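S.K.: need coordinates for the following:
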Amino acid sequence: MANLKNSRSALLMTDDLVALVRELARLMPDRQIARLLNRTGTQMATGKAWTEQSVHGFRKHRDIAPYREGEWAERGEITLEAAAKIIGVCNMTALRMLRRGDIKGGQVCPGAPWVIMTADLTFFLRKLECFPAANTERGAADL
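M.R.: Just a heads-up that it's a prediction; the model follows:
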């Protein structure tokens, strides 16, 4: 019975890992996925660290499409850094705005890039135009 329990937890862990890699593959190349998985302490089943080649093999074995340049734009998504440039603030201020909920966005997991829909950023910018006093970091929290 103990073996069945252990194999179930291993299967769940694998399912979670497959879902995570599937989401990360939409955001970044295999090399960056390997770095992120290693930084978060996620090991391969063998206990070894992830490499670009191991992520590639993991993806290929599970029919997960690789990252493509320009994929973010096709989906209408931008990075935190791009949003910060558009708004005219530094990256840290944009991050605070995300965490406060001024701008809608999310991360697949801690350490993954922040994803912001361009439509959400456009909505935020329109609110700023309507309320010019909210154009400061402090004022944006009041929107």
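S.K.: walking through the protein, point out its helices one by one.
M.R.: All helices of the chain, identified by DSSP state H, fall at 2-25, 30-39, 52-61, 71-74, 80-87, 91-100, 118-130, 137-140.
S.K.: now do the last one, average pLDDT.
M.R.: This points to helix 137-140. Average pLDDT, helix 137-140: 48.
S.K.: same question for the longest one.
M.R.: Model confidence over helix 2-25, given as mean pLDDT, is 68.
S.K.: how about low-confidence regions in the protein?
M.R.: For the chain, the stretches with pLDDT under 70 are 1-13, 131-143.
S.K.: domains of it?
M.R.: Under the assignment automatic domain parsing, the domains of the chain span 2-61, 71-140.
S.K.: just send those back as TSV, with mean neighbour count too.
M.R.: Bear in mind the C-beta positions are built from the backbone N, C-alpha and C, glycine included. Compiled in TSV, those are given as follows (neighbours: other C-beta atoms under 10 Å):
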stretch	mean neighbour count
domain 2-61	15
domain 71-140	15
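S.K.: on that earlier part again, need the helices of the chain in JSON lines (columns: distance to Pro110).
M.R.: As requested, the helices of the chain are exported to JSON lines (distance: least, C-beta to C-beta, whole Å):
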{"stretch": "helix 2-25", "distance to Pro110": "11"}
{"stretch": "helix 30-39", "distance to Pro110": "9"}
{"stretch": "helix 52-61", "distance to Pro110": "18"}
{"stretch": "helix 71-74", "distance to Pro110": "20"}
{"stretch": "helix 80-87", "distance to Pro110": "14"}
{"stretch": "helix 91-100", "distance to Pro110": "13"}
{"stretch": "helix 118-130", "distance to Pro110": "21"}
{"stretch": "helix 137-140", "distance to Pro110": "23"}
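S.K.: fine by me, thanks again.
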